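Engineer: please find the sequence and the predicted model below.
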Amino acid sequence: MAKRSGSADLPLHNGRVPAWLASRMARLGTVIAEAIVHHYGREEFLRRLAHPYWFQSFGAVMGMDWHSSGITTSVIGALKRGLAPRAGELGLHVCGGRGSHSRRTPHELVAIGERTGFDGAALARASRLVAKVDSAAVQDGFDLYLHGFIVTDDGQWVVVQQGMNGESRLARRYHWLSHDLRSFVEAPHSAIDGRNQGEIVNLTDVRARASRAGQLELLADYGPNRIVRELAALRGTPAPAEAEPMLPHLVMPAHHDVRPKDVMMRRLHGALAAAADAGPIDFAELLLVPGVGARTVHSLAMVAEVVHGAPHRFADPARFSLAHGGKDRHPYPVPVKVLDETIGVLKSALGRAKLGNDEKLDAIRRLDSQARRLEAHATGPSFGAFTAEERRRSFDYGGRSVFGWEPPPAATMKKPL
């Protein structure tokens, strides 16, 4: 069975991910997924997707807007494109998506079930139930427009879906995980992301058990017309009952720029110190990738944390935007050369691991471990100084955004990435 794992509230943004970034998000998202499956298995990857803070960090490390509703659409789309060619190898399938794609989810599940052997019809029913719960049983003012269903060959699954509230200009993301779900209608969520928008009708709350039973009894005994009359006469509030367990709930700020308060600086300094200790020459020699410099190693350290980090380390998703910037120039333009080098190193490491040589992949894991060891006492630049230097070097790094390529500065210093 499945349960809801958490939720998130996000500023609602329009627009599309440019093709140059969408293709790279698909490649980086796929290689991160492959690394997690290699180290920890498919079920662990599903658990990561079900955690709202990790999901936001995952999108931010790929260069997407760090706080907006677009992360949900772009991450699901990137995984669907990137994992499709590897579905047979990894045993992972991404169904659904935004708008009309979401409505095709049941048909996709049935078709995949016929190929792999799981009960596609049962999962199609689960897909419909999950959508109904978040649109009808939980009436919080958000209308669903995206439904992503990720399933393994053995029938384990995670659902990430999102609704919008046009008046408040906010989106709310809902996360579900099949592991340990006992009921679709009583406390099923693993997470919901979003801020309080006023009165909410939540019939999945454990305290609503009597209400659900009463509704069924009224419907059976009196029919819908009698229910309407009874509803008009209702007054008062229900008696208190047991508390509903708290779920991870991520609330992203409205401001578009990344600010110092959005980032845990000691963790950033740990990653920078680990990259400096690894060194451009030593790390490049270890990975056999010529030209890899400290800037790419810094990005690799943050990607390594997305692969290996514990849940509590993703409390500040904005920090992960400091790996590869953002398409809207916040915190700075996407350093395309660095992003491509990061993808290349990870793909090379995974390729060797598949042949039984884990040396490269283990080096990346050690980079994450070193960053955690160093962050307790590491020092480094202030947030403002760090982002200013990134913007100054943006042309060297192949900086690009939705506004175009970054122009060269008056004096460009050529250094290895």
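Structural biologist: On my side now, so go ahead. Since we're looking at a predicted model, the values are computed, not measured.

Engineer: residue contacts, residue 102?
Structural biologist: Applying CB atoms under 8 Å, 6 or more residues apart in numbering, we find residue 102 in contact with 96, 131, 144, 145, 146, 147, 148, 161. For every residue, glycine as well, the C-beta is placed using N, CA and C.

Engineer: can you tell me the SS state at the spatially most central residue of the chain?
Structural biologist: The centroid of the chain falls nearest to residue 55 when counting by CA atoms, centre = their mean (1.9 Å). Counting by DSSP: H, G, I helix; E, B strand; the rest coil, the backbone at residue 55 sits in helix.

Engineer: tell me the contacts of the residue nearest to it when sequence neighbours are not counted?
Structural biologist: Residue nearest to residue 55 in three dimensions, not counting chain neighbours: residue 49, with 6.0 Å by CB to CB, 6 or more residues apart in numbering. Neighbouring residues of residue 49 by CB under 8 Å, 6+ apart: 55, 150, 158, 160, 175.

Engineer: returning to that earlier point: and the residue nearest to the centre of the chain, what does it touch?
Structural biologist: Residue 55 sits in contact with 8, 48, 49, 71, 72, 75, 160, 173, 175, where contact means CB under 8 Å, 6+ apart.

Engineer: try it again at 10 Å.
Structural biologist: Shown in contact with residue 55 (CB atoms under 10 Å, 6 or more residues apart in numbering): 6, 8, 48-49, 71-72, 75-76, 158, 160, 173, 175, 191, 193, 250, 314, 317.

Engineer: cool, residue 408 as well?
Structural biologist: Contact partners of residue 408, counting by CB under 10 Å, 6+ apart, are 394, 395, 396.

Engineer: distance of it relative to residue 394?
Structural biologist: Distance of residue 408 to residue 394, given as CB to CB, to the nearest Å: 9 Å.

Engineer: same question, residue 386
Structural biologist: With the distance defined as CB to CB, residue 386 ends up 13 Å from residue 394.

Engineer: list residues touching both of the two?
Structural biologist: Common neighbours of residue 386 and residue 394 are listed as residue 332 (criterion: CB under 10 Å, 6+ apart).

Engineer: okay, these two: which has more neighbours?
Structural biologist: When residue 386 and residue 394 are compared for neighbours, residue 394 comes out ahead with 23 against 20, by other CB atoms under 10 Å.

Engineer: name the SS class of that one, please.
Structural biologist: coil.

Engineer: all strands of the stretch 101-250 of the chain, in order?
Structural biologist: Assignment of strands within the stretch 101-250 of the chain using DSSP state E, counting those that start in this stretch yields the ranges 138-139, 143-152, 157-165, 170-177, 191-193, 201-202, 249-251.

Engineer: out of these, which is the most enclosed?
Structural biologist: Comparing the strands of the stretch 101-250 of the chain by mean neighbour count (mean count of other CB atoms under 10 Å), strand 170-177 comes out on top with a mean of 28.

Engineer: and the chain, what are its domains?
Structural biologist: Listed by automatic domain parsing, the domain ranges of the chain are 3-202, 205-243, 261-405.

Engineer: which one of those lies closest to residue 254?
Structural biologist: Each of those was scored for nearness to residue 254 using CB to CB, and the closest is domain 3-202 (5.3 Å).

Engineer: any idea how far residue 376 is from residue 273?
Structural biologist: Shown here: residue 376 relative to residue 273, a distance of 10 Å by CB to CB.

Engineer: now residue 364. Nearest residue, chain neighbours left out?
Structural biologist: What sits nearest to residue 364 in space, not counting adjacent residues and going by CB to CB, 6+ apart, is residue 304, at 4.9 Å.

Engineer: what about the one you found, is that helix, strand or coil?
Structural biologist: Judged by three-state DSSP, the three-state class of residue 304 is helix.

Engineer: isn't it right up against residue 270?
Structural biologist: No - with contacts counted by CB atoms under 10 Å, residue 304 stays clear of residue 270, the gap being 11.7 Å.

Engineer: overlap in contacts of those two?
Structural biologist: If you check residue 304 and residue 270 against CB under 10 Å, 6+ apart, the residues they both contact are 368, 370, 371.

Engineer: let's see stretch 377-391 as CSV, backbone CA atoms only.
Structural biologist: As requested, C-alpha coordinates have been extracted for stretch 377-391 and formatted as CSV (Å, rounded to 0.1, in the frame of the first residue of the first chain):
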residue,chain,number,x,y,z
HIS,A,377,35.4,24.2,10.8
ALA,A,378,35.7,25.4,7.2
THR,A,379,35.6,29.1,6.3
GLY,A,380,35.1,30.7,3.0
PRO,A,381,33.8,33.7,1.1
SER,A,382,30.6,35.5,2.1
PHE,A,383,27.5,34.7,0.1
GLY,A,384,27.8,38.0,-1.7
ALA,A,385,31.4,37.5,-2.5
PHE,A,386,30.9,34.0,-3.8
THR,A,387,28.0,35.0,-6.1
ALA,A,388,29.9,38.1,-7.3
GLU,A,389,32.9,36.0,-8.3
GLU,A,390,30.6,33.5,-10.1
ARG,A,391,29.0,36.3,-12.1
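
Engineer: starting at the chain centroid, how far to that stretch?
Structural biologist: Shown here is stretch 377-391, whose average C-alpha point lies 26 Å from the average C-alpha point of the whole chain (CA atoms, centre = their mean, to the nearest Å).

Engineer: I appreciate the help and will end here.
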